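1. next one to model:
(one chain, ligands or ions: 1)
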Amino acid sequence: MEIFLDTANIEEIKKGASLGIISGVTTNPSLIAREGRDLKEVVMEIAGLIDGPISAEVISLEYEGMVKEAEELSKLHPNITIKIPMTWDGVRAVKTLSQKGIKTNVTLVFSANQALLAALAGATFVSPFVGRLDDTGHDGVYLIEEIKAIYENYNFKTKIIAASIRHPLHVTQVAKAGADIATVPFKVLTQMFAHPQTKEGIEKFLADWQAMKR
Ligand code: E4P
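-> You can find the predicted model right below:
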């Protein structure tokens, strides 16, 4: 499973990029607004840091507006992937964009049927929101399992991005469920490194080394 960063913060992306294991970035209007910057400016800066898909979301809710925004954004850089909300117009737009060879990421997916529609439209990626589904008392990880089974049954090429990841256990669970990608906030990426026994082990090795040198 690949790991994308779910952020529009350049400092976080620079730190993540330095690891060499982050293969993409997802943004959304809330994340861009949090930075108080222009969407096009931010995605271009991200494209200079990460060599992989960078999701930029359209604001329009109507088919024509979505396609127009998508065409403009996709011209910015070959790695720009157009995030489109899971609606009637959104699915129409994804179908049109896929026929034009423009990469898409269908977002705000909360059911297996929504993921099926996205795949039928030729979406490059689908983003089921694991954490937000958990918040409503449903099982976000189980949704990933369902989508994986459906995509395998029919050999759909659409890749599953497990989104709305809230903690390291989510990452393990969606990896086991077969997600192609987990897009994680920077905080979760740092939490994935941590284990008290790793820290204790390093301290003990260093202490033993120092003692031998005395
Ligand atoms: C997905 O691409 C979204 O940007 C994101 O994962 C939403 O996560 P949230 O529920 O933490 O806002």
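2. in this protein, which helix is the longest?
-> With secondary structure taken from DSSP state H, the chain has its longest helix at helix 196-213.
3. and that one, how far from the chain's centre?
-> Its chain's average C-alpha position is 37 Å from that of helix 196-213, according to C-alpha atoms, centre = their mean, to the nearest Å.
4. mind listing the strands for this structure?
-> 2-6, 22-26, 54-57, 80-85, 104-109, 125-128, 159-162, 181-184 (DSSP state E).
5. take these and lay them out in JSON lines including distance to the ligand, mean neighbour count and mean pLDDT.
-> In short, each C-beta sits where N, CA and C put it, glycine included. Compiled in JSON lines, the strands of the chain are given as follows (distance: least, C-beta to the nearest ligand atom, whole Å; neighbours: other C-beta atoms under 10 Å; pLDDT from 0 to 100):
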{"stretch": "strand 2-6", "distance to the ligand": "5", "mean neighbour count": "23", "mean pLDDT": "98"}
{"stretch": "strand 22-26", "distance to the ligand": "4", "mean neighbour count": "23", "mean pLDDT": "98"}
{"stretch": "strand 54-57", "distance to the ligand": "6", "mean neighbour count": "28", "mean pLDDT": "98"}
{"stretch": "strand 80-85", "distance to the ligand": "7", "mean neighbour count": "25", "mean pLDDT": "98"}
{"stretch": "strand 104-109", "distance to the ligand": "6", "mean neighbour count": "26", "mean pLDDT": "98"}
{"stretch": "strand 125-128", "distance to the ligand": "5", "mean neighbour count": "28", "mean pLDDT": "98"}
{"stretch": "strand 159-162", "distance to the ligand": "7", "mean neighbour count": "26", "mean pLDDT": "98"}
{"stretch": "strand 181-184", "distance to the ligand": "5", "mean neighbour count": "26", "mean pLDDT": "98"}
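6. make a markdown table from these and add distance to E152 to it.
-> Formatted as a markdown table, these follow (distance: least, C-beta to C-beta, whole Å):
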| stretch | distance to E152 |
| --- | --- |
| strand 2-6 | 18 |
| strand 22-26 | 22 |
| strand 54-57 | 24 |
| strand 80-85 | 23 |
| strand 104-109 | 17 |
| strand 125-128 | 14 |
| strand 159-162 | 11 |
| strand 181-184 | 16 |
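7. who wins for proximity to K40 among the ones you listed?
-> Proximity to K40 (C-beta to C-beta) singles out strand 54-57 among the strands of the chain, at 8.0 Å.
8. enumerate the residues of this protein near the ligand.
-> Taking C-beta under 6 Å from any ligand atom as the criterion, the chain approaches the ligand at residues D6, T26, N28, T107, S127, F129, G131, R132, A163, S164, T183.
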